[in-house]
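> Mind folding the following:
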Amino acid sequence: MSLTLPTLLTLSRIAAIPGIVLVFYLPTGVTQANTIAAALFVLFALTDWLDGYLARRLGQTSAFGAFLDPVADKFLVCSTVLLLVHLQRIDVFVALIIIGREIAISALREWMAQIGAAASVAVHMLGKLKTSLQMLAIPFLLYDGPLPPGWHSRLPGQILLWMAAGLTIWSMVYYMRKASLAIRTRLGQ
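Have a look, this model is predicted:
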């Protein structure tokens, strides 16, 4: 494994997690902590796009990078979702949907790889859209402050996160159906 720039950017998403959490324990005001945490999240969420772009552009794609990229996304999203539950900005039910799906699909992918059917649960556009909605919702919820003209960021953040939760369920059903079809096909042979 070589530490290329794309890999370092991916690793930065994991390394950012303690910093985002720590902001809320520093002796700053809540408004400052919210703004800093939201800005940090946006900065590191952008690395999700940038690392893939650079890997392709620089010819530095790797199996390790393909493995690590979704893991970094899941760590960043799940840890921030837990932080938002702790801050009482989202309902625990939406957190359970998001985190539960990530565990279930990760286990499903591992199992499908073991039986030689990993391609049946390859990343689909639904999963990418779900991740994008999560990455869009979370900064609104971290910021938790006023938006022009007279809006508060929590409302659009919660709406986007519930939309992401809906896509989370939809994509989980999609992957489960694809896996079920692959298993039935293998058993029929």
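> centre of the chain versus the longest helix seen in the chain, how much separation?
Counting by DSSP state H, the longest helix found in the chain is helix 154-188. Per C-alpha atoms, centre = their mean, to the nearest Å, the displacement of helix 154-188 from the mean C-alpha position of its chain is 14 Å.
> Which elements pack onto it?
helix 92-114, helix 125-143 (3 or more C-beta pairs under 8 Å, 6 or more residues apart in numbering; DSSP states H and E). Yep, even glycine has a C-beta here, placed from its N, CA and C like the rest.
> Can you dump the C-alpha atoms of the longest one in PDB for me?
Yep, that's helix 92-114 we're talking about. Only the C-alpha atoms of helix 92-114 are listed here, as PDB (Å, rounded to 0.1, in the frame of the first residue of the first chain):
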ATOM      1  CA  VAL A  92     -32.300   8.700  17.400                       C
ATOM      2  CA  PHE A  93     -34.600   6.800  15.000                       C
ATOM      3  CA  VAL A  94     -33.000   8.400  11.900                       C
ATOM      4  CA  ALA A  95     -29.600   7.600  13.300                       C
ATOM      5  CA  LEU A  96     -30.600   3.900  13.800                       C
ATOM      6  CA  ILE A  97     -31.800   3.800  10.200                       C
ATOM      7  CA  ILE A  98     -28.500   5.200   8.800                       C
ATOM      8  CA  ILE A  99     -26.100   3.300  11.000                       C
ATOM      9  CA  GLY A 100     -28.100   0.100  10.900                       C
ATOM     10  CA  ARG A 101     -28.100   0.100   7.100                       C
ATOM     11  CA  GLU A 102     -24.400   0.700   6.900                       C
ATOM     12  CA  ILE A 103     -23.700  -2.300   9.200                       C
ATOM     13  CA  ALA A 104     -26.200  -4.500   7.300                       C
ATOM     14  CA  ILE A 105     -24.900  -3.600   3.800                       C
ATOM     15  CA  SER A 106     -21.200  -3.900   4.900                       C
ATOM     16  CA  ALA A 107     -21.900  -7.400   6.200                       C
ATOM     17  CA  LEU A 108     -23.900  -8.300   3.100                       C
ATOM     18  CA  ARG A 109     -21.000  -7.200   0.900                       C
ATOM     19  CA  GLU A 110     -18.500  -9.200   2.900                       C
ATOM     20  CA  TRP A 111     -20.700 -12.300   2.700                       C
ATOM     21  CA  MET A 112     -21.300 -11.900  -1.100                       C
ATOM     22  CA  ALA A 113     -17.600 -11.500  -1.600                       C
ATOM     23  CA  GLN A 114     -17.000 -14.700   0.300                       C
END
